[in-house]
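Trainee: Return a 3D structure for these sequence lines:
(chains A, B and C)
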Amino acid sequence: MLTLAQCGPTLPRDFYERTTLEVAPDLIGKRLCVLHPNDALQTGLIVEVEAYLGTEDRASHARLQKRGGSLVPSARSSLMFGPVGLAYVYLIYGLHHCVNVVAHAPGAVGAILIRALRPEGSLAKKSCSGPAKLCAQLGIDRRHNGSSLLGTIQPAPTDAAGQPLAQIFIATPSQTPAPLPAQVRSGPRIGVAYAGPDALLPYRFGLANDPDLSRPL
DNA sequence: TGCAGGATTAGC
DNA sequence: CTAATCCTGCAA
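Mentor: Next comes the predicted model:
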């Protein structure tokens, strides 16, 4: 199992403060890390993500909604409008959690869904190939909504019930070579057929031919 | 206040 | 292919 120091340097805030479509492919090959209150550490390399943009993206939670005759963004997506480097975690189908990274240019709106990991260490034999599966494996749930991904702090934070909360962060692996940009491919996002033409936008990014993809790219 | 549907997954 | 399951958006 990896130690905290072996995870590599944590991605700084500046990494996330670029356009969402710039940040998304750059997350491929980075290491998602969860430090649990009992000091257990779970990690995996990101092999697949999807970018979700702002009010104009019909597939995004941040898209405009009808309300009182006018169009406004929904309350759920408010984190996507705010500071970068935070986790946006939501419940889907009443059953599963999905985790996003808030990332966008200054004044813009957007987040990146983490869709699949290559599991490492204690996770090595588990499947993290799917946005809900990786959250289940890593113990990520709505208590982490709004938590910072920019590093660990002491003492560990607590949730609304006062219970200790696992800390999530993303690091640049120092012992694994970064994937060549040529190996990162894009394709249409999964499960967004309701978005009409926006369902075809190539905002899904992943390592070409990686066995840990949630689906082939 | 009520209802339709979802950035998914496992199982038949 | 469908069920599971609950929060959110949106109409009434």
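
Trainee: Can you check the pLDDT for the residue nearest to residue A:152 when sequence neighbours are not counted?
Mentor: Leaving aside its chain neighbours, residue A:152 sits nearest to residue A:167 (4.9 Å; criterion: C-beta to C-beta, 6 or more residues apart in numbering). Every C-beta, even on glycine, is put in place using the N, C-alpha and C of the backbone. As predicted, residue A:167 sits at a pLDDT of 97.

Trainee: Give me the phi and psi for residue A:167.
Mentor: Phi and psi for residue A:167, reported as degrees, to the nearest 10, are phi -110, psi 130.

Trainee: That one: how many residues sit nearby?
Mentor: The number of residues packed near residue A:167 is 21, by other C-beta atoms under 10 Å.

Trainee: Just give me how far the lengthiest strand in chain A sits from the chain centre.
Mentor: In chain A, taking DSSP state E as the definition, the longest strand is strand A:41-52. Relative to the chain's own centre, strand A:41-52 is displaced by 6 Å; criterion: C-alpha atoms, centre = their mean, to the nearest Å.

Trainee: what do you get for stretch A:53-62?
Mentor: 16 Å.

Trainee: One more: stretch A:82-96?
Mentor: With C-alpha atoms, centre = their mean, you get 9 Å for stretch A:82-96.

Trainee: Residues of chain A that sit close to DNA strand B?
Mentor: For chain A, the residues in contact with DNA strand B (C-beta under 7 Å from any atom of the strand) are A:50, A:52, A:59-62, A:77, A:80, A:88, A:91-96, A:98, A:100, A:111, A:113, A:127, A:130-133, A:189-192, A:194, A:214.

Trainee: Please, a ChimeraX command that selects the buried ones among those residues?
Mentor: The ChimeraX command for the buried members of the residues of chain A next to DNA strand B (criterion: 16 or more other C-beta atoms under 10 Å) is given here:
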select /A:50,52,59,60,61,62,77,80,88,98,100,111,113,130,131,132,133,189,190,192,214
